[in-house]
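**Student:** Fold the following.
(chains A and B)
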Amino acid sequence: MTRRVGEWLIERVIQAAGVTAIVFVLLIFAFLLRDALPVFREVSVRELLGGEKWLPTSEPPRFGLLPLLLGSLYVTLGALVISVPLGLACATFISEVAPKWVREILKPAVETLATIPSVVFGFLGLLLIGPWLAEVLDLPVPLFAALGSVMLALMAMPTVVSVSEDAIRAVPTALRENSLALGATSWQTIRRVVLPSARSGIIAAVLLGLGRAIGETMTVLMVTGNAAVIPEGLEGFLRPVRTMTATIAAEMGETAHATPHYHALFAIGLILFLITFATNTIADVAIRRSGGMGR
Amino acid sequence: MSGWRPGPRASQAVAFGLLWLGAAMVVLPVMGILLTMFIRGARSLSWELLSGVEEGLLPAIVGTTWLVVLTGVIAAPLGVAAAVYLSEYARAGTLVRLIRLAIVNLAGVPSVVYGLFGLALFVVLLHLGRCLLAGACTLALLVLPLVITASEEALRQVPRQLRDASFALGATRWQTVRRVVLPNALPGIMTGLILSVGRAAGETAPILFTAAFYSLTDPFPNSVLDPIVALPYQLFVMATEVPGITEGTKWATSVVLVGLVLGLNLAAVVMRGRLRRGRRW
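**Tutor:** Have a look, this model is predicted:
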């Protein structure tokens, strides 16, 4: 009898642990909402999202997020432009073309890349790559949006490579064999059969890479210059910008609890949470549709 | 036919050439950069730097060690229990689908947002203040999806026959889990746990407002309620804020941090290999 009660009790405990992931996602959302909403006592939604000035400590303060939203957009898009073609090429190479010995060097190398802390990437951008790129491009300041893009591309690369590699690998061998039997070359098979079949998984890879890049904090904080100005045109990539993540990291430490500034920073956090929630959920659906992976 | 088009063989040669190039561009520059870092850092790495308190890294190494251990201690029971539920108890359905979606989303939440959550919940609401415990709780949440995923993988690799044999002997589900499945999955679970805390060791943004501080006078924590100096945070402060630190010291600090993270990863890989060899299935 006691044994059965014990068994029942343990089962409940394990069940409770099982749903903690759901509980924590809801808790994070609730806490962000709780500390973000009071900002609307100070500004309207339109002023917050469309305001062109982020001057949280001036008198009166201005909480316009447009420069920060665009800053994040510039840095993230730049990172995707670099990491998606290269990552996809790398994934195709690993799963379809590379000789075994190359594959056995390449895969661990990409996995190692994923373990390097973001503060180290920021440090390398600050001391090594930034000054070098600034010299090559003849820029006055070695802190600019495109430098952030380059560093983020390196950091998003492992995600893009491994997710799209999984998708390419999940394409049934029979499809490849049918194409080859019809007289197609390997490359024709890859381009016309394998990559199109892996489409959903590749879209997921891009979305997960995007989520990774837009949420990165320390690297962009260290290398993009943190000027809260609205970037314009392609030249904006060569100017300092400030992202949403960098703003939270740079300002929260010195912000008093429950001030309008504090709530505005939580509002940025809420926006980031919603963006990554959307990209991750869509990516998850895409992965499931591509089959093979997941259970 | 109008114009010259390369034959299928020629375009394949060009395309494969580009793929080789793409793969090389992903790996070679990064390897070059990391090699540069190790060479520059190694030159300035000294025992004085590692063991020094006021002008060295000892407080940061101690702080990060505490943070990593405490993060593992908090994340392990929760993560393993959740994995046991998913692998041994749950039946496929909407709830499991939702749990998996939540795990994916938890893994995708930006690290600085974890920092905000840790600040709002642990530091402010629970009145812990900026301290080791608040930082470890925040990092434990961050690595929770990794721990769950790795543990579930390890549990699922235990052959079904072992469970069936245990049930056939009259064991209950929990007895089977505790005496048969968990012991057999333990190596895989430990490997996943080490990989997860390796991730935690390198994170800066989540501890920025929950645990980290930069102090030269009293840098060692006396309890879990004291703030700590952590390696990634110290590297950040050295690189951006504190004047008068030689470039060599900064390079050496980054080498110590990367060395620690890679060391934890290597330990996990070696452990996995060694424990796998003694396995019959």
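
**Student:** how about residue A:189, what does it touch?
**Tutor:** Residue A:189 makes contacts with A:176, A:179-180, as judged by C-beta atoms under 8 Å, 6 or more residues apart in numbering or on different chains. The way it works is simple: take the backbone N, C-alpha and C, and place the C-beta from them, glycine included.

**Student:** roughly how far apart are it and residue B:138?
**Tutor:** 48 Å (C-beta to C-beta, to the nearest Å).

**Student:** Residue B:102 too?
**Tutor:** From residue B:102 to residue B:138 the distance is 18 Å (C-beta to C-beta).

**Student:** Comparing the two, which residue is more hemmed in?
**Tutor:** The residue with more neighbours, out of residue B:102 and residue B:138, is residue B:138; 31 against 20, by other C-beta atoms under 10 Å in any protein chain shown.

**Student:** Can you tell me the closest non-neighbouring residue to the more buried one?
**Tutor:** Nearest residue to residue B:138, sequence neighbours excluded (C-beta to C-beta, 6 or more residues apart in numbering or on different chains): residue B:118, at 3.1 Å.

**Student:** Helix or strand next in line after the strand or helix carrying that neighbour, which one?
**Tutor:** Residue B:118 is part of helix B:111-118, with elements assigned from DSSP states H and E. As assigned by DSSP H and E, the chain's next helix or strand after helix B:111-118 is helix B:132-156.

**Student:** Just give me how far that next one sits from the chain centre.
**Tutor:** Remark: helix B:132-156 is offset 9 Å from the chain centroid, using C-alpha atoms, centre = their mean, to the nearest Å.

**Student:** Packing partners of that helix?
**Tutor:** Contacting helix B:132-156 under the criterion 3 or more C-beta pairs under 8 Å, 6 or more residues apart in numbering or on different chains; DSSP states H and E are the following elements: helix A:20-36, helix B:58-84, helix B:94-108, helix B:111-118, helix B:182-202, helix B:205-208.

**Student:** again, only this time at 6 Å
**Tutor:** helix B:58-84, helix B:94-108, helix B:111-118, helix B:182-202, helix B:205-208 (3 or more C-beta pairs under 6 Å, 6 or more residues apart in numbering or on different chains; DSSP states H and E).

**Student:** which residues of chain B score low on pLDDT?
**Tutor:** For chain B, the stretches flagged by pLDDT under 70 are B:1-3, B:216, B:276-281.

**Student:** Give the buried residues for stretch A:48-59.
**Tutor:** By 16 or more other C-beta atoms under 10 Å in any protein chain shown, the buried positions in stretch A:48-59 come out as A:48, A:51, A:54, A:56.

**Student:** For the residues you listed, give me JSON lines that also has secondary structure.
**Tutor:** Shown next, in JSON lines, are the buried residues of stretch A:48-59 (DSSP: H, G, I helix; E, B strand; the rest coil):
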{"residue": "A:48", "secondary structure": "helix"}
{"residue": "A:51", "secondary structure": "coil"}
{"residue": "A:54", "secondary structure": "strand"}
{"residue": "A:56", "secondary structure": "coil"}
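
**Student:** Now for residue A:115, how many residues are close by?
**Tutor:** So residue A:115, with other C-beta under 10 Å, has 18 neighbours.

**Student:** circling back: if burial is judged by neighbour count, which of the contacts of residue A:189 pass?
**Tutor:** Taking 16+ other C-beta under 10 Å as the criterion, what is buried in these is A:176, A:179.

**Student:** All the strands of the stretch 1-150 of chain A, residue numbers only.
**Tutor:** A:54-55, A:62-63 (DSSP state E, counting those that start in this stretch).

**Student:** Which residues lie in contact with the nearest residue to residue B:271 once chain neighbours are set aside in this structure?
**Tutor:** The shortest distance from residue B:271 to any non-neighbouring residue, by C-beta to C-beta, 6+ apart, is to residue B:191 (5.6 Å). Contacts of residue B:191 were listed using C-beta atoms under 6 Å, 6 or more residues apart in numbering or on different chains, and they are B:268, B:271-272.

**Student:** And for residue B:197?
**Tutor:** Counted by C-beta under 6 Å, 6+ apart, residue B:197 has contacts B:68, B:71-72.

**Student:** Ok, residue A:218 next?
**Tutor:** So residue A:218 contacts A:118-119, A:122, B:204-205 (C-beta under 6 Å, 6+ apart).

**Student:** would you turn those residues into a markdown table with distance to residue A:249 and neighbour count?
**Tutor:** Shown next, in a markdown table, are these (distance: C-beta to C-beta, whole Å; neighbours: other C-beta atoms under 10 Å in any protein chain shown):
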| residue | distance to residue A:249 | neighbour count |
| --- | --- | --- |
| A:118 | 11 | 24 |
| A:119 | 11 | 27 |
| A:122 | 11 | 29 |
| B:204 | 8 | 30 |
| B:205 | 6 | 30 |
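
**Student:** of those residues, closest to residue A:153?
**Tutor:** Taking C-beta to C-beta as the measure, residue A:153 sits nearest to residue A:118 out of the contacts of residue A:218, at 13.1 Å.

**Student:** Correct me if wrong: the closest one contacts residue A:219.
**Tutor:** Yes - contact criterion C-beta atoms under 6 Å: residue A:118 and residue A:219 qualify, at 4.9 Å.

**Student:** Redo the strands of the stretch 1-150 of chain A as JSON lines? Include distance to residue A:246 and mean pLDDT.
**Tutor:** JSON lines is the format used below for those (distance: least, C-beta to C-beta, whole Å; pLDDT from 0 to 100):
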{"stretch": "strand A:54-55", "distance to residue A:246": "12", "mean pLDDT": "90"}
{"stretch": "strand A:62-63", "distance to residue A:246": "16", "mean pLDDT": "90"}
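
**Student:** quick one, which of those is nearest to residue B:17?
**Tutor:** Across the strands of the stretch 1-150 of chain A, closest to residue B:17 is strand A:54-55 (C-beta to C-beta), at 46.8 Å.

**Student:** Pairing partners for that closest one, with directions?
**Tutor:** Here strand A:54-55 has these sheet partners by DSSP bridges: strand A:62-63 (antiparallel).

**Student:** and the stretch 101-250 of chain B, which residues reach chain A?
**Tutor:** Within the stretch 101-250 of chain B, the residues that sit near chain A (C-beta under 6 Å from any C-beta of the partner chain) are B:101-106, B:108, B:110-113, B:116-117, B:120-121, B:172, B:174, B:202, B:204-205, B:208-209, B:232, B:235-236, B:239.
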